[in-house]
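Undergrad: Show me how the following folds:
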Amino acid sequence: MLLSILIPVYNERTVVERSLQQVFDAPLPEGLQRELVIVDDCSKDGTWAILEALAARHSFIKLYRHQVNQGKGAAVRTAISKAQGDFCLIQDADLEYDPNEYPALLKPLLSGNADAVFGSRYMSGEARRVLPYWHTKINQFLTFTSNVFSNIHVTDMETCYKAFRTDLLKSIPIRSNRFGFEPEITMKCAKRQLRIYEVPISYHGRTYEEGKKIGWKDGLQALGVILKYWLIDDLYADTKGRRALINLTRTPGYINWISSLFRPVLGDTILEIGAGFGTFSGQLMGRRLRYVAAESDPLHLHALKNRFLRTPNVAVAELDPNQAEAFEPYQAAFDSAIAINVLEGLPQPEIALAGLQRALKPGGRLLILAPQGRGIFGTVDQAMGQLRRFNQRELEKLLDAAGFTVESVRQINKAGKPAWWLASRVFKRTSLSKLPLKIFDKNLWLWRPLDHVLPWKGLSMLVVARRR
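TA: As a prediction, the model looks like this:
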């Protein structure tokens, strides 16, 4: 296995060689090799010449240089893109943090318990240099503010020592160029519900006279970054196929409503395809004997495994609904099957329907939530990765051909249909903003009764079909 040590550098000629020597000599857990991904952020004091000399002597150093100074966040972003390891660890090119503590930082990652590990300067580490009071208090205030808005409890958000699974770190877009990297990555890890661990570390902080670069302006910027990423869900470097699921997490009232319609017709053994982040799985698993949450997206699979790690009646399975053979292990195994906002994104939904038919016991029920209305298909649907919106007759024909008998069709969210048409066909939007979704969700008490009154079809339809 390989550890990528990501090292942003800027004007550190007096300490960089000693600092990197400590990284060279640092102990690593057995079986773990190291690569150093060093990014010089356009140093002007001779640091680059020192780095070039070191890289010439050590084959495990990958050295890159920015032609214009951009900031620590930009250097880390470049290093992440070049990393080849199974894990990444961020190391400043000064002497404030002790590389001898790498084994402690990596232990929760190597054991499989963590996705990210923060080294905390405020837990009981071996040693911590006493620094100015207000500098410490500002750090603690920023950590407190981050905790309030991210709803996680870390003791040191601003720590440099952060270690990650590389696949997850590469999947998170980094926008901050300067020291805003720390609150940004913390907010995004929290929103992605990654498993974050903290371990105590020692700290040998510098004064400004000794070369410390972060200042009060960076503290103000950190507050802005916290607020920005509390409001904005910029969570994936590639959002294709995930935007609809991200939007769903903003509507807990809607999730509860749809779940309440599903529960009465579910059996004791359930297969859910396209389970995403487990948004509905968590609502529907209840006291079922067996609930299989199936996914094909690696990041969704990871999120599901994290969420149901200690839920004995829930199993997470890799299943591609586009592949007929993927359903073979589940022949006649379930009382119920669920496909929530799945079929519209499949090139051939009939393959998934045939597979679900085989996975159900005779008489078992399939529950489908699908977008409705070909005439309102537009830019929002396309941005969400949807290939179509169904009409009721079309979906009923697909179900009949797959061996199902439709028992009921319920129209869902008639009130939202005009707004969708405006957003998708008139204004050509590519996403739904957080505020309208929140307003919609908080006023479900008003929209739900309108499903029984308004004369047109709903924005979605809930179909219950039985295997013949």
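Undergrad: CA only for contacts and neighbour counts going forward, please
TA: Fine.
Undergrad: Now the residue nearest to V342 when sequence neighbours are not counted: phi and psi?
TA: Distances taken as CA to CA, 6 or more residues apart in numbering put G274 closest to V342, at 6.0 Å, once the chain neighbours are dropped. The phi/psi pair for G274 (degrees, to the nearest 10) reads phi 60, psi 50.
Undergrad: please begin residue numbering at 358 from this point
TA: Noted, 358 is the first residue going forward, which turns the last one into G631.
Undergrad: Tell me, how many residues neighbour G631?
TA: 24 (other CA atoms under 10 Å).
Undergrad: So it sits against A696, correct?
TA: Yes - contact between G631 and A696 holds when scored by CA atoms under 8 Å: they sit 6.8 Å apart.
Undergrad: now F536: how far from K429?
TA: Going from F536 to K429 by CA to CA, to the nearest Å gives 6 Å.
Undergrad: and G576, what element?
TA: Using DSSP states H and E, G576 sits in helix 573-588.
Undergrad: how about the helix or strand hosting A776: buried residues?
TA: Using DSSP H and E, A776 maps to helix 774-778. For helix 774-778, burial by neighbour count (16 or more other CA atoms under 10 Å) applies to K774, W777, W778.
Undergrad: For S481, report the pLDDT, please.
TA: Predicted confidence (pLDDT) for S481: 67.
Undergrad: Identify the residues contacting the residue nearest to A473 when sequence neighbours are not counted.
TA: Using CA to CA, 6+ apart and skipping residues adjacent in sequence, the residue nearest A473 is F521, 4.4 Å away. When contacts are counted by CA atoms under 8 Å, 6 or more residues apart in numbering, F521 touches F444, C445, L446, L466, D472, A473, V474.
Undergrad: so of those, which ones are in helices?
TA: Under the assignment DSSP state H, the contacts of F521 contribute L466 to helices.
Undergrad: Please flag which of the contacts of F521 sit within strands.
TA: F444, C445, L446, A473, V474 (DSSP state E).
Undergrad: Out of those, who's the most crowded?
TA: Using other CA under 10 Å as the neighbour test, the ones in strands among the contacts of F521 are led by C445, with 30 neighbours.
Undergrad: Strands along the stretch 708-825 of the chain, start to end?
TA: Assigned by DSSP state E, counting those that start in this stretch, the strands in the stretch 708-825 of the chain fall at 717-728, 761-769, 817-824.
Undergrad: Which of those strands sits closest to I509?
TA: For the strands of the stretch 708-825 of the chain, proximity to I509 was assessed by CA to CA; strand 717-728 is nearest, at 32.4 Å.
Undergrad: residues in contact with that closest one?
TA: With contact meaning CA under 8 Å, 6+ apart, strand 717-728 is reached by 619, 622-623, 688-701, 713, 746-747, 816-825.
Undergrad: what does stretch 750-759 give?
TA: Contacts of stretch 750-759 with the rest of the structure, by CA under 8 Å, 6+ apart, involve E707, L710, A711, Q714, T762, V763, A822.
Undergrad: Could I get the pLDDT score of the second one?
TA: At L710, the pLDDT value in this model is 98.
Undergrad: what do you get for Y560?
TA: Looking at Y560, its pLDDT reads 84.
Undergrad: And it, how far from R375?
TA: To R375, Y560 is 16 Å away according to CA to CA.
Undergrad: Which of these two has more residues huddled nearby?
TA: Higher neighbour count among Y560 and R375: Y560, with 21 against 14, using other CA under 10 Å.
Undergrad: Test of understanding: give the bridge partners of that one.
TA: Judged by DSSP bridges, the bridge partners of Y560 are R485.
Undergrad: That one contacts P456, doesn't it?
TA: No - with contact defined as CA under 8 Å, Y560 does not count as touching P456 (10.9 Å).
Undergrad: Which residue comes closest to G712 once chain neighbours are left out?
TA: Closest to G712 by CA to CA, 6+ apart is F684, at 5.4 Å.
Undergrad: for that neighbour, what are its contacts?
TA: Applying CA under 8 Å, 6+ apart, the residues near F684 are L676, P678, G712, L713, R715, A716.
Undergrad: okay but the fifth one is in contact with D692, surely?
TA: When you say that, I think you mean R715. No - with contact defined as CA under 8 Å, R715 and D692 do not form a contacting pair (11.4 Å).
Undergrad: I figured D451 was touching R370, is that so?
TA: No - counting by CA under 8 Å, D451 does not reach R370; the two are 9.7 Å apart.
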